[in-house]
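1. Provide a 3D model corresponding to the input given below.
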Amino acid sequence: MTQRSQKIDRRTVLRGAGVACALPWLEAMSHGAQAARQSGRDPSDAGGDQGPAKRLCFVYFPNGAGLPPKNDPAHEQWGWFPHGAGADYRPTKVLEPLAPYRDQLTILGGYSHPKSRRLLGHLAGDTWLTGGDLRGSAYLNTISADQVAAAAIGRTTRYRSLVFSTDGGVGYKSRISTLSFAAGGRPIPAEHRQRAIFERYFGGPSGPSEDRRRASARNKKIVDMVLEDAGALRRGLGGDDAQRLDEYLEAVSGVEEQIRSNERWSDVPITLPSGGPIDGDAGVDLNIAAAVDPAGYLRAMFDLLVLAFQTDMTRVATFMMAREDGMGFGENFPKLALGIEKGHHTISHDKSQGHWEEWGRYDRWLTEQFAHFVKRLQESHDQHGPLLDRTLVMYGSACSTTHNANNYPTVLAGGSALGMNHGQYRIGQEHGHDAPMGNVLLTLLHTAGVPVESFAQSTGVVDGLVG
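-> Predicted coordinates:
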């Protein structure tokens, strides 16, 4: 018989030298909430469950996707969209890494924002989550879907939303480096410095203390610093909770180790396969790790998002994997990850022999990084089961192929416990052209419990996507 845990507060943290390490959900926290109700106190005082979490996450890749024409031999294997439709679709090599999660995802084609369809694709990226009007000289962007959600479901978490990107900051018109926009279309700066993100989670509200800095200088990790407190807590936990705590601390340790690995490159000049050097000094303000080990960098960002969801620090997040039009570190990911002697934007314009296979290989590599995120959400749990079951993730781009702001390549993953009907390739169409992307965003907002009547140029929710 499994030992039952002691009753603990949902706000319990592990403490070390200048560290307050948040905990994931443990069964003992439900006992704490039950005790609070029996004593007539508000269960939230014990950190009790406020109801099953509903989470939203948006992940973006730039420059569209490779779409070889049907008469090209590469069409069968390297086109981004699957062959066929409905439940019997056949993915190409590009989306194969998501095959283990087929029953937990939907592939969408035939959706775009009406006001963005005639925009240059790079500019349409500014509107991916907003549907704003950038057709004239004025920048009439609007609030993004994630921030609409943050105002409704982010009020009970430490952070209403998390805004991440590979380059950080906000960028500029058509070369934006954030997906998130506040009311009035004001861009919200994204964070890209993994150490800063990690310290925000575990260094306390004012960042790392002097004790924490000294411990870090001695090469001590977060987990090392809270081991004594973790051991004391573990002794009062039941078997399942003890195992869950161990798995969580192992995950925290793994993320910090990857961040450290990324940081080791910050003072090393890098030479790209094409021969162009990157100054290591840029690592002071920019994350040079992204220009050295892009897979390690992107996966660490995804792991940080998983930790934030697992500890309920936030329920809304965005992550821009790279910027449009050859800007930022993401342009060089194909060179560094696959040895292709062209940047991502260059590949999207190239028409030489082997062009489609190069683009398809890189699209597949991006899918592999996203598949890592889906896998980690599936493996990590809260009190209701795998995080993926109550997390809605949208992955995609704001143009289908070179500069074409139509037919957005889109994957929806997760949310099975929220009613998502997955396992299909759905193609939207309305009045002979793309259906409004606002319909997809409105559907996700409703499914996440956000009470809005419309979003962008929506004409309604996507029929049959949620049951």
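2. Mind listing what's buried along whichever strand or helix holds residue 370?
-> Residue 370 is part of helix 355-379 when elements are defined by DSSP states H and E. By neighbour count on 16 or more other CB atoms under 10 Å, the buried set for helix 355-379 is 355-378. Heads up, the C-betas are built off the backbone N, CA and C, glycines and all.
3. what about that helix, distance to the chain center?
-> Helix 355-379 sits 13 Å away from the centroid of its parent chain (CA atoms, centre = their mean, to the nearest Å).
4. so for it, what's the average pLDDT?
-> Mean per-residue pLDDT for helix 355-379: 97.
5. swap in stretch 316-328?
-> 95.
6. Show me the helices in the protein, by range?
-> Using DSSP state H, the helices found in the chain span residues 27-38, 75-78, 121-124, 145-153, 194-202, 210-217, 222-234, 239-263, 294-310, 333-338, 344-349, 355-379, 437-447.
7. Buried residues in the fifth one, which are they?
-> What it means is helix 194-202. The neighbour-count check on helix 194-202 (16+ other CB under 10 Å) flags 194-195, 197-202 as buried.
8. Just name the lowest-scoring one in these, pLDDT-wise.
-> Ranked by pLDDT, these bottom out at residue 202, which scores 80.
9. Contacts only, for residue 65.
-> Applying CB atoms under 8 Å, 6 or more residues apart in numbering to residue 65 gives the contacts 80, 94, 359, 363, 397, 400-401, 409.
10. Phi, psi for the closest residue to residue 153 other than its chain neighbours please.
-> Excluding the flanking residues, the one nearest residue 153 by CB to CB, 6 or more residues apart in numbering is residue 315, at 5.4 Å. Backbone torsions for residue 315, taken as degrees, to the nearest 10, come to phi -120, psi 10.
11. before we move on, back to that, which secondary structure elements does the helix holding residue 370 sit against?
-> helix 75-78, helix 294-310, helix 333-338, helix 344-349, strand 385-386, strand 391-396, strand 410-413 (3 or more CB pairs under 8 Å, 6 or more residues apart in numbering; DSSP states H and E).
12. Would you point to the one among those that's packed deepest?
-> When these are scored by mean count of other CB atoms under 10 Å, the highest mean neighbour count falls to strand 391-396 (a mean of 25).
13. Report the angle between that strand and helix 355-379.
-> 170 degrees (axes from the mean of the first three to the mean of the last three CA atoms, to 10 degrees).
14. Pairing partners for strand 391-396, with directions?
-> Take DSSP bridges as the rule and strand 391-396 pairs in its sheet with strand 55-60 (parallel), strand 410-413 (antiparallel).
15. Just the C-alpha atoms of that strand, please, in CSV.
-> The C-alpha trace of strand 391-396 is given here as CSV (Å, rounded to 0.1, in the frame of the first residue of the first chain):
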residue,chain,number,x,y,z
THR,A,391,-2.4,22.7,-22.7
LEU,A,392,-3.4,24.1,-26.2
VAL,A,393,-0.4,24.7,-28.3
MET,A,394,-0.4,26.3,-31.7
TYR,A,395,2.7,26.0,-33.9
GLY,A,396,3.1,27.6,-37.2
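16. for it, the distance to its chain's centre please.
-> Chain-centre distance of strand 391-396: 7 Å, with CA atoms, centre = their mean.
17. For it, what does the pLDDT average out to?
-> 98.
18. ok, what's across the strand from residue 20?
-> residue 15.
19. State the distance from it to residue 153.
-> 24 Å (CB to CB, to the nearest Å).
20. the more surrounded of these two?
-> residue 153 (22 against 15; other CB atoms under 10 Å).
21. now residue 396, nearest residue through space, not along the chain?
-> Nearest to residue 396 is residue 410, by CB to CB, 6+ apart, at 3.8 Å.
22. My guess is the one you found contacts residue 109. True?
-> Yes: the pair residue 410 / residue 109 is scored as a contact, 7.4 Å apart, by CB atoms under 8 Å.
23. on that earlier part again, with respect to residue 9, which of the contacts of residue 65 is nearest?
-> Among those, residue 397 lies closest to residue 9 (CB to CB), at 43.0 Å.
24. Tell me how many other residues crowd the closest one.
-> Neighbour count of residue 397, defined by other CB under 10 Å: 25.
25. one step back: just so I know, which of the helices of the chain lies nearest residue 325?
-> Using CB to CB, the nearest of those to residue 325 is helix 121-124, at 4.4 Å.
26. buried residues in that closest one?
-> For helix 121-124, a neighbour-count test (16+ other CB under 10 Å) marks 121-124 as buried.
27. Repeat that for stretch 445-465.
-> Neighbour-count burial for stretch 445-465, counted by 16+ other CB under 10 Å, picks out 445-450, 455-456, 458, 461-462, 465.
28. Contacts only, for residue 226.
-> By CB under 8 Å, 6+ apart, the residues touching residue 226 are 14-16, 19, 21, 249.
29. Quick check: the farthest pair among those?
-> Using CB to CB, those span at most 13.7 Å, a distance reached by 15 and 249.
30. So between those two, which is more surrounded?
-> residue 249 (20 against 15).
31. If I follow the layout properly, the more buried one ends up in contact with residue 224?
-> No: between residue 249 and residue 224 there is no contact under CB under 8 Å: 10.3 Å.
32. Residue 372 touches residue 302, doesn't it?
-> Yes: in this structure, residue 372 is within contact of residue 302 by CB under 8 Å, at 6.0 Å.
33. what ranges of the stretch 51-200 of the chain fall below the confidence cut-off?
-> Residues of the stretch 51-200 of the chain meeting the criterion pLDDT under 70: none.
34. Output the helices and strands packed on helix 355-379 in a markdown table, with distance to residue 190 appended to each entry.
-> Putting these into a markdown table (distance: least, CB to CB, whole Å) gives the following:
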| stretch | distance to residue 190 |
| --- | --- |
| helix 75-78 | 31 |
| helix 294-310 | 11 |
| helix 333-338 | 17 |
| helix 344-349 | 19 |
| strand 385-386 | 27 |
| strand 391-396 | 17 |
| strand 410-413 | 21 |
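35. Which one of these lies nearest to residue 130?
-> Per CB to CB, nearest to residue 130 of the helices and strands packed on helix 355-379: strand 391-396, 13.6 Å.
36. Please list the residues outside the closest one that contact it.
-> Strand 391-396 is contacted from outside by 54-61, 108, 128, 309, 370, 373-374, 377, 408-415, 418, 420, 440, 444, 447-448, using CB under 8 Å, 6+ apart.
37. same thing but at 6 Å, please
-> Strand 391-396 has contacts (CB atoms under 6 Å, 6 or more residues apart in numbering) with 55-59, 370, 377, 408-415, 444, 448.
38. sorry, back to before: got the contacts of residue 65 as CSV, with distance to residue 387 columns?
-> Supplementary listing: the contacts of residue 65 in CSV, determined by distance: CB to CB, whole Å:
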residue, distance to residue 387
80, 26
94, 25
359, 32
363, 26
397, 24
400, 30
401, 33
409, 24
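39. Give me the distance between the nearest residue to residue 251 once chain neighbours are set aside and residue 299.
-> Using CB to CB, 6+ apart and skipping residues adjacent in sequence, the residue nearest residue 251 is residue 307, 6.8 Å away. Using CB to CB, residue 307 is found at 13 Å from residue 299.
40. Much appreciated, bye for now.
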